[in-house]
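Trainee: The sequence isn't on hand, but the structure is:
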């Protein structure tokens, strides 16, 4: 290993360690690491921009963030949650299941981080009305957001990254290959949620009546804007389904929908929408892509791919299971975004070394990275955001408490995914 490769690996490992430690914001750490590898000439700036920074991923994220931020102004998500609670007749267990299902579906077609940001405040309002501890509701929201986000190209950042890196994996391909197992996992885990929390979700009749008396009629604050948002969101999702047929990248579809909505909504909406874009997340991706690019350019990724193939003997089944379980365990204890950023070029390199059918490996990576995030409190961004909001409300979620509930359910979901991957792709 030459000096440049040693430096690239050193900066990557230091950055990764600091991201896990969370002493300094991960975006600052990632960008400083990226700037250092460019400054020292480990990766050329032109190479980083042209080959390593994935502008398709960034454009897709920005476009969807704008659409969702404008839609959130209308009060739609609060309205849906309150109506669901009333349809459940104020029964806490039914409300928990309803909120989990809404979160799972919304996470598939928006993104899981945005979905929990919208759903958590409503959940607190409902829990307060029922005079119940919010943890059962929040825990099921987190798991549902990560499970639901696994189903589509746009539901979870790891999927966005994989879909952008592998052009053959279209929006429809993600739904066709991942939605079936996501539905199975949700169908199995919802009854488990009920069994785990049914004794913690008992409340007085007058509290249930309070839910029934909530007035949802005034929650939609801007009906004309809501209509425009729903039309544009519908067109954008149709665009995702058709993007390969019309030969337009998913990022172009998302950004087109976003700016069309801003044009119809006025300049004041545009300025507010841009302030709600998670620029820290965008720059975090830029930093990570550059750091991983340094590993690619110095040959470290190809060396790791060769070691992985030697370990598995090039057997597709063994390699797929290794990637699935390694991704799940790693993603449970660290943010899945940097892990996936590292794994994508690794799997691509495996394709150059003799593994012809990479598709099972991509689906294994997606399932492991997305579902593994349910294992611990730090496993996914949605978990951390929910925990932060809970702490502000005076209901902190401890790492150990989340681990006790989340890790066994994560293992169950990955075990189900193993069976699915084997039966569908490897028999």
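Mentor: Cool, the structure landed. In this text, all values refer to a predicted model and were calculated from it rather than measured experimentally. Residues are numbered from 1 along each chain as shown.

Trainee: next helix or strand past the helix or strand residue 272 falls within?
Mentor: In this structure, residue 272 sits in helix 267-276 according to DSSP states H and E. Going down the chain from helix 267-276, the next helix or strand is helix 279-297, by DSSP H and E.

Trainee: Tell me which other helices or strands that following helix touches.
Mentor: In terms of contacts (3 or more Cβ pairs under 8 Å, 6 or more residues apart in numbering; DSSP states H and E), helix 279-297 is packed against helix 3-21, helix 26-39, helix 55-72, helix 300-312, helix 336-352. Every residue, glycine included, has its C-beta placed from N, CA and C.

Trainee: and the ones you listed, which one is worst for confidence?
Mentor: Note on those: helix 300-312 shows the lowest mean pLDDT, a mean of 77.

Trainee: Pull out the buried residues from that helix.
Mentor: For helix 300-312, a neighbour-count test (16 or more other Cβ atoms under 10 Å) marks 300-302, 304-305, 308-309, 312 as buried.

Trainee: same check, this time on stretch 122-130
Mentor: Using 16+ other Cβ under 10 Å as the test for burial, stretch 122-130 gives 122-127, 129-130.

Trainee: What of stretch 44-51?
Mentor: So stretch 44-51, judged by 16+ other Cβ under 10 Å, has buried residues 47-48.

Trainee: So which bits of the helix holding residue 272 are buried?
Mentor: Buried, per 16+ other Cβ under 10 Å, within helix 267-276: 269-270, 273, 276.

Trainee: Switch the helices and strands packed on helix 279-297 over to a markdown table; also include distance to residue 148.
Mentor: Shown next, in a markdown table, are the helices and strands packed on helix 279-297 (distance: least, Cβ to Cβ, whole Å):
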| stretch | distance to residue 148 |
| --- | --- |
| helix 3-21 | 25 |
| helix 26-39 | 24 |
| helix 55-72 | 15 |
| helix 300-312 | 30 |
| helix 336-352 | 15 |
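
Trainee: quick one: which of those is nearest residue 157?
Mentor: helix 336-352 (5.3 Å; Cβ to Cβ).

Trainee: The lowest-mean-pLDDT helix or strand in the chain to helix 279-297, inter-axis angle?
Mentor: Counting by mean pLDDT, DSSP states H and E, the chain has its least confident helix or strand at helix 300-312, which shows a mean of 77. If you take axes from the mean of the first three to the mean of the last three Cα atoms, to 10 degrees, helix 300-312 sits at 70 degrees to helix 279-297.

Trainee: Run through who's touching helix 300-312.
Mentor: Outside helix 300-312, the residues within contact range by Cβ atoms under 8 Å, 6 or more residues apart in numbering are 1, 5, 8-9, 292, 295-296, 318-319, 322, 342, 345-347, 349-350, 352-355.

Trainee: Identify all contacting residues around the very next helix or strand once past that helix.
Mentor: Remark: after helix 300-312, the chain's next helix or strand is helix 316-333, criterion DSSP H and E. Residues outside helix 316-333 that contact it (Cβ under 8 Å, 6+ apart) are 20, 308-309, 311-312, 336, 339-340, 343, 347, 350, 355, 357, 360-361, 364-365, 367-376, 378-380, 407, 410, 414, 417-418, 421-422, 425-426.

Trainee: Give me the ChimeraX select line for those residues, limited to the buried ones.
Mentor: Here is the ChimeraX command that selects the buried residues among those (16+ other Cβ under 10 Å):
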select :308,309,312,336,339,340,343,347,350,355,360,361,364,365,367,368,369,370,371,372,373,374,375,376,378,379,380,410,414,417,418,421,425,426
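
Trainee: Produce a ChimeraX select command limited to the buried residues of the contacts of helix 300-312.
Mentor: In ChimeraX, a selection of the buried entries from these looks like this (16+ other Cβ under 10 Å):
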select :5,8,9,292,295,296,319,322,342,345,346,347,349,350,355
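
Trainee: mean confidence score for whatever helix or strand residue 47 lives in?
Mentor: Applying DSSP H and E as the criterion places residue 47 in helix 45-47. Helix 45-47 carries an average pLDDT of 85.
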